[in-house]
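Student: Need coordinates for the following:
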Amino acid sequence: MKPTKTASAAGLRRELERCVACGKCRALCPVFSVEGGEASVARGKLKILAAAEDGELDYNADLGRLLDDCLGCRLCTSGCPQGARTDELVYAARQRIRDRRSCNPLELFILRYLLPRRALLASLARFVGRWQNRLARLLGRSGNEELSEGQRVQRALVGLYRRLLPLAGLSPRLVPPTLSPRQFSSGRGEVQAFGDANAERWGFFVGCALETAYPRSARAVVELARRLGIGLIAPTTQACCGLPAWGSGDRRAASALINANAAAFADRDLDGVVTACASCASFLREHYSGVLGRTQTLQEFLRERLGRLELRRTPGLRVTWHQPCHLARHLAVELAEPMLARLADYVELEERDVCCGGAGSYFVKHPETAAAIGERKAKRIVDSGAEVVVTACPGCAMQLEASLARLNAPVRVELLGDFLARRLPPVSS
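Tutor: Got it, this is the predicted structure:
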């Protein structure tokens, strides 16, 4: 695991001192735009952390709840004149809290037991996905054929979620993602695409969300590699990248996942690793070494190869792009506009690189704020006139789908790989 600047108390203090309380972050923070409290913005959080470091506050559950109210989007960091890394400071503080108090049993089960076990995670997702599909059939799923299958199932269940979730103490504005009844790894071996003897040989880091919710997009990556004549290997022993554990402050769980994935991809003579999840790519690059530390996003992987693919343009289709935070500010990967403009009528999205409000488990822990942020993004998408919004992060896709569902907006959400693969010509027999 690569060290961070906030790993030590001295490093954390040095980073805290970067903040000069100018307040510029107040104009940038999506959470502050909704909640309006000083504790919801970077300046306030860093003041609270400084007090905790000085012994004036305890690293306890109350402080943890304040620190959980952060998207980790780095909008504040990108606009900070002093370069204060609020997200890393918040993660370091969460680690201190985790080290000092017992963890929520459900969170502990997910981070330390479920996420390291890919087969178990897939089985649970398959069970949930099948029930979602059955309920949607009973209720009559959305007839809008322009939406994805998952979106049609979700639209059918929105009313049910609104009635049932409050009975479990959850917000009626929470719209759970649709999981797939058949996961990507089901019945598949490690080798996903074969190349000739001199072909490039790449690893495929699938990630939890593509495995459980967007297997079609994972299969799209395989098809793109196959059409390019590139060998693609997805080790069956790979697990969650570790970002959820790291973000919650559980370094033990994150380290175990990092070690497991490093072993899964070791000694395979790979030219590189590609992933279709911007969040996974960011964490792999920032916290892994070796070939996983050089993981490419699908955009980067296709940048020099797209011209080798025969892709069909869809005239008249209005498409826009949501730039995930992990591409915009963690990895600084360029927009996918040129790819989209080549294949459809591209329309620009206002605030395209502003966080959508999903942020991992944030939309579950802070459903009201996440819904407000997401609906602002959804309204921008609707106002653009786009029929399809494309993104490169399955976590963003989940939030966009939920936000558009609350507005009942007829806009399809697609991941980049799926959007591109749908425009490949049929394979001639």
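
Student: any idea how far F301 lies from I233?
Tutor: To I233, F301 is 14 Å away according to CB to CB, to the nearest Å. No exception for glycine: its C-beta is placed from N, CA and C like everyone else's.

Student: what's the closest non-adjacent residue to G290?
Tutor: Closest residue to G290 in three dimensions, ignoring its sequence neighbours and counting by CB to CB, 6 or more residues apart in numbering: A262, at 6.6 Å.

Student: Repeat that for Y288.
Tutor: Beyond its immediate neighbours in the sequence, the residue positioned closest to Y288 (CB to CB, 6+ apart) is I258, lying 6.2 Å away.

Student: In three-state terms, label the one you found for me.
Tutor: Using DSSP: H, G, I helix; E, B strand; the rest coil, the secondary structure recorded for I258 is helix.

Student: Local confidence estimate at it?
Tutor: What the model reports as pLDDT for I258 is 96.

Student: how many neighbours does V20 have?
Tutor: As a burial measure, V20 scores 12 neighbours (other CB atoms under 10 Å).

Student: how close does it sit to C73?
Tutor: 21 Å.

Student: and what of L121?
Tutor: Between L121 and C73 the computed distance is 26 Å (CB to CB).

Student: In terms of packing, which of these two has more residues around it?
Tutor: The neighbour comparison of L121 against C73 (other CB under 10 Å) goes to C73, with 28 against 21.

Student: Provide the backbone phi and psi angles at that one.
Tutor: The phi and psi values for C73, taken as degrees, to the nearest 10, are phi -80, psi -20.

Student: Report the contact partners of it.
Tutor: The neighbours of C73, taking CB atoms under 8 Å, 6 or more residues apart in numbering as the test, are P30, D87, C325, R329, V354, C355, A359.

Student: what's around the residue nearest to G290, how many residues?
Tutor: Residues within reach of A262, counting by other CB under 10 Å, total 16.

Student: Confirm that it lies within a helix, as I assumed.
Tutor: Yes. Counting by three-state DSSP, A262 is located in a helix.

Student: What are the boundaries of the strands in the stretch 151-300 of the chain?
Tutor: Listed in chain order, the strands found in the stretch 151-300 of the chain under DSSP state E, counting those that start in this stretch are 191-193, 201-205, 231-233, 272-275, 296-297.

Student: Okay, now the sheet partners of the fourth one, with direction.
Tutor: For strand 272-275, the paired strands and their directions (DSSP bridges) are strand 201-205 (parallel), strand 296-297 (parallel).

Student: pLDDT of that strand, averaged?
Tutor: Confidence over strand 272-275, taken as the mean pLDDT, stands at 96.

Student: what's the answer for the longest one, then?
Tutor: Model confidence over strand 201-205 averages 95 on the pLDDT scale.

Student: Show me the two of the contacts of C73 that sit farthest apart.
Tutor: Within these, two members stand farthest from each other by CB to CB: D87 and V354, at 15.5 Å.

Student: where's the closest residue to A234 other than its chain neighbours relative to G129, distance?
Tutor: Distances taken as CB to CB, 6+ apart put F204 closest to A234, at 4.2 Å, once the chain neighbours are dropped. Here the distance between F204 and G129 works out to 22 Å (CB to CB).

Student: for H326, same thing?
Tutor: H326 is 25 Å from G129, by CB to CB.

Student: Look at those two and report which has more neighbours.
Tutor: Ranked by neighbour count (other CB under 10 Å), H326 and G129 place H326 first, with 27 against 22.
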